[in-house]
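Colleague: Predicted structure and sequence below. I'll ask about it afterward.
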Amino acid sequence: MRLRDWDRNLKVRLFGEGLFNVLFWMFFPFMAVYFSDAFGKGMAGFLLVLSQVFGVVTNLIGGWCADRFGRRRMMLIAAIGEGVCFLVFAFANSPWLESPITSFIAFSALGIFGSLYLPACHAMIADLVEPKHRNEVFAVFYTAMNLSVVIGPILGGMFFFKYRFGLLLFAAGSSLLLVYLIANFIRETVPHHEEEEKVAIKELGWKGFMIDQLKDYRVIARDINFLLFIVGGILIAQTFMQLDLAVAVYVTEAIPVQQLFSLGIWNVQAGGATFFGWLVAFNGFLVVLFTVWINRWVIRFRPGHVFIASALLYAVSMMMFGSSTGLWVAIGAIVVLSFAELLTVGLQESFVSELAPEHMRGQYFAAASLRYTLGRTFAPAAIPLAAWVGYTWMFIILAGITCVGAWVYHILFRRLDRGEVIHTKKQITGEALKQA
């Protein structure tokens, strides 16, 4: 599906969200350093985890709101909230005020509004794009996001510590630009069920209607296939999230400076923190360069085989990291990890949109994000684990956890092949729902 054939909603969002993501990644990677300097490492870690907890709850609410009140409306509310947060954030780092506490409040609120935004934007893609093209469209948005991850931190290193006030003001301006684009160029795409809801409101009253609609998440919880998808995703997240956690510590502490290659008079050496920066940049480069191409290639295969292969490759990458402190082994490990990531780019969101009933897409995308939010909560445990058992056994344990995730995916797709599905709320009777 060519870009010129995209719906205008998607073209406008690709531009607006691309600009916003670049600015977001200009400050986000440095917030841990900022809060550690302000509050100490222990308190900073607690505060960052706390902000993630708020995001988990808000994400589920955001999915419900996207289905009930519309994708465009929730995206607009979230973008306005982000703009206000950036203004407060900028004021807390201005020539008139320096307040880390206010900065943390603004930063946490940014995460909350971002959690409101994401389910709606994913659901809008599922609304607008035919199933056969969804993988590719999701992959393009993923590529744009990863391009932001590559560019943003490089620019942020130049501006965040010296020109923080101006950077945050510019980010506020980009949020307001996104508000303008959503308000003027994006139309609503949520499937219409107004008549059904008017009847339900009349019969139940507003309070009863809201309680009844919140039961949608109970229906999702009864979807065994979807729960298996989330559990497998959480287990596998323990691997790829280590790139910013255990792998960062391992490369910095355990890989000494050594010769990478020599060519005549050229002798390039690397190791430690500098080499880790190269690995991260190389990962981002591979993702940006090959996302769309690999996405077009993997659609030839059954999704279950792709998910399982990706999980096993993550396990291989962990075993490679733990097997040697050589630079080229680490580079090979990052190539394998990047390929594992690329296999399921776009496919994951497309799979969620296939599982989700049309009227519950926002909620399903919100619940699916638990793979990352809960995975991000558990992943830091790998660092103290390395202190207890050593890096080699830490990587072996991580590889084992990922293999368990591959086994969960095997169970999931075996169930799907046998046609074991559940009925959703629109398909079951009101009496059955009461008994759920």
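Modeller: Structure received.
Colleague: what's the closest non-adjacent residue to G304?
Modeller: Among residues not flanking G304 along the chain, F413 sits closest, at 3.0 Å (C-beta to C-beta, 6 or more residues apart in numbering). C-beta: built from backbone N, CA, C; applies to glycine.
Colleague: Please apply the same query to G322.
Modeller: In space, G322 is closest to F395, 3.0 Å off (C-beta to C-beta, 6+ apart).
Colleague: what do you get for V329?
Modeller: That would be M320: by C-beta to C-beta, 6+ apart, it lies 6.0 Å from V329.
Colleague: doesn't V335 make contact with that neighbour?
Modeller: No. Checked against C-beta atoms under 8 Å, the pair M320 and V335 is beyond contact range at 9.4 Å.
Colleague: Give me the more crowded residue out of the two.
Modeller: A direct count of neighbours by other C-beta atoms under 10 Å for M320 and V335 places M320 higher, at 20 against 15.
Colleague: Can you give me the distance of that one to L228?
Modeller: 28 Å (C-beta to C-beta, to the nearest Å).
Colleague: Pass me the low-pLDDT residue ranges in the stretch 51-200 of the chain, would you?
Modeller: Residue ranges of the stretch 51-200 of the chain with pLDDT under 70: 52, 55, 60, 153-154, 157, 191-200.
Colleague: now the strands for it?
Modeller: Listed in chain order, the strands of the stretch 51-200 of the chain (DSSP state E, counting those that start in this stretch) span 93-94, 97-98.
Colleague: Which residues does the last one contact?
Modeller: Counting by C-beta atoms under 8 Å, 6 or more residues apart in numbering, the neighbours of strand 97-98 from elsewhere in the structure are 91-92.
Colleague: one more time with 7 Å, if that's ok
Modeller: F91 (C-beta atoms under 7 Å, 6 or more residues apart in numbering).
Colleague: how is the chain carved up into domains?
Modeller: With domains defined by automatic domain parsing, the chain comprises 1-212, 215-417.
Colleague: re the thing from before, compare the strands of the stretch 51-200 of the chain and give me the one nearest K162.
Modeller: Ranking the strands of the stretch 51-200 of the chain by proximity to K162 (C-beta to C-beta) places strand 93-94 first, at 11.7 Å.
Colleague: can you give me the offset of the closest one from its chain's centre?
Modeller: 29 Å (C-alpha atoms, centre = their mean, to the nearest Å).
Colleague: Just the CA trace of the helix or strand encompassing E17, in CSV.
Modeller: Under the criterion of DSSP states H and E, E17 resides in helix 8-24. Extracted C-alpha coordinates of helix 8-24, given in CSV (Å, rounded to 0.1, in the frame of the first residue of the first chain):
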residue,chain,number,x,y,z
ARG,A,8,-5.7,11.7,4.9
ASN,A,9,-6.1,10.9,8.6
LEU,A,10,-3.0,8.7,8.5
LYS,A,11,-0.9,11.1,6.5
VAL,A,12,-1.6,14.0,8.8
ARG,A,13,-0.9,11.8,11.9
LEU,A,14,2.4,10.5,10.4
PHE,A,15,3.7,14.1,10.1
GLY,A,16,2.4,15.5,13.4
GLU,A,17,3.3,12.5,15.5
GLY,A,18,6.7,12.2,13.9
LEU,A,19,7.6,15.7,14.9
PHE,A,20,6.2,15.2,18.4
ASN,A,21,8.1,12.0,18.8
VAL,A,22,11.4,13.6,17.8
LEU,A,23,11.0,16.3,20.5
PHE,A,24,9.8,13.7,23.1
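Colleague: mind starting the numbering at 671 from now?
Modeller: In the new count, where the first residue is 671, that last one comes out as helix 678-694.
Colleague: now it: mean pLDDT?
Modeller: In this model, helix 678-694 has a mean pLDDT of 80.
Colleague: ok, residues contacting that helix?
Modeller: Contact partners of helix 678-694, identified using C-beta under 7 Å, 6+ apart, comprise 791, 794-795, 798, 807, 811, 814-815, 818, 821-822, 840-841, 844-845, 847-848, 851, 855-857, 859.
Colleague: next one: stretch 968-988
Modeller: By C-beta under 7 Å, 6+ apart, stretch 968-988 touches 805, 906, 909-910, 1003, 1006-1007, 1009-1010, 1013-1014, 1017, 1021, 1065, 1068-1069, 1072-1073, 1075-1076, 1079-1080, 1083.
Colleague: Please point out which parts of that stretch sit buried.
Modeller: With burial defined by 16 or more other C-beta atoms under 10 Å, the residues of stretch 968-988 counted as buried are 968, 973-974, 976-988.
Colleague: thinking again about what came up before, compute the distance between the residue nearest to V999 and A1010, please.
Modeller: Relative to A1010, M990 is positioned 12 Å away (C-beta to C-beta).
Colleague: what's the answer for V950, then?
Modeller: V950 sits 16 Å away from A1010, going by C-beta to C-beta.
Colleague: before we move on, what about L913?
Modeller: 11 Å.
Colleague: same question, A760
Modeller: Counting by C-beta to C-beta, the gap from A760 to A1010 is 39 Å.
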